[in-house]
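Trainee: Sequence first, predicted model second:
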Amino acid sequence: MSGRQGGKLKPLKAPKKNSADLDDDAVEFKKRQAEEAKKVKEMAAKAAGKGPLTSGGIKKSGKK
């Protein structure tokens with residue numbers, strides 16, 4: 001008697017798709033996505049060099 005005789009069997013794994021199977025739309029989409037990611041990264045690096053946008057926290061009234 002084997003220990004795994006009854007019960008639900010595991011499904012076989014589906015074969016992985018090759019990157020060569022991509023059509024023109026998928027290639028164009030991936031290219032556009034990479035360009036957008038590059039732009040976002042550049043903008044983040046550019047913004048990191050500057051200081052904070054607001055000067056400051058909680059604003060206090062002039063009254064004492």
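Mentor: Sure thing, it's come through.

Trainee: Please enumerate the helices of this structure.
Mentor: Assigned by DSSP state H, the chain shows helices spanning 24-49.

Trainee: low pLDDT regions in it?
Mentor: Along the chain, the parts satisfying pLDDT under 70 run over 1-6, 17-22, 50-57, 62-64.

Trainee: what about 90?
Mentor: Within the chain, the stretches with pLDDT under 90 are 1-29, 43-64.

Trainee: Roughly how far does residue 34 sit from residue 47?
Mentor: Using Cβ to Cβ, to the nearest Å, we find residue 34 at a distance of 21 Å from residue 47. Glycine gets a C-beta too; all of them are placed from N, C-alpha and C.

Trainee: Over to residue 59?
Mentor: To residue 47, residue 59 is 24 Å away according to Cβ to Cβ.

Trainee: go on, residue 13?
Mentor: 43 Å.

Trainee: Of these two, which one has the most company?
Mentor: residue 47 (9 against 6; other Cβ atoms under 10 Å).

Trainee: Give me the distance between the more buried one and residue 37.
Mentor: 16 Å.

Trainee: for residue 26, same thing?
Mentor: 16 Å.

Trainee: Repeat that for residue 25.
Mentor: Distance of residue 25 to residue 37, computed by Cβ to Cβ: 19 Å.

Trainee: which phi and psi does residue 15 have?
Mentor: Here is the backbone geometry of residue 15 (degrees, to the nearest 10): phi -70, psi 140.

Trainee: likewise residue 60?
Mentor: Phi and psi for residue 60, reported as degrees, to the nearest 10, are phi -110, psi 150.

Trainee: so how many other residues sit close to residue 15?
Mentor: Residues contacting residue 15 under the criterion other Cβ under 10 Å number 6.
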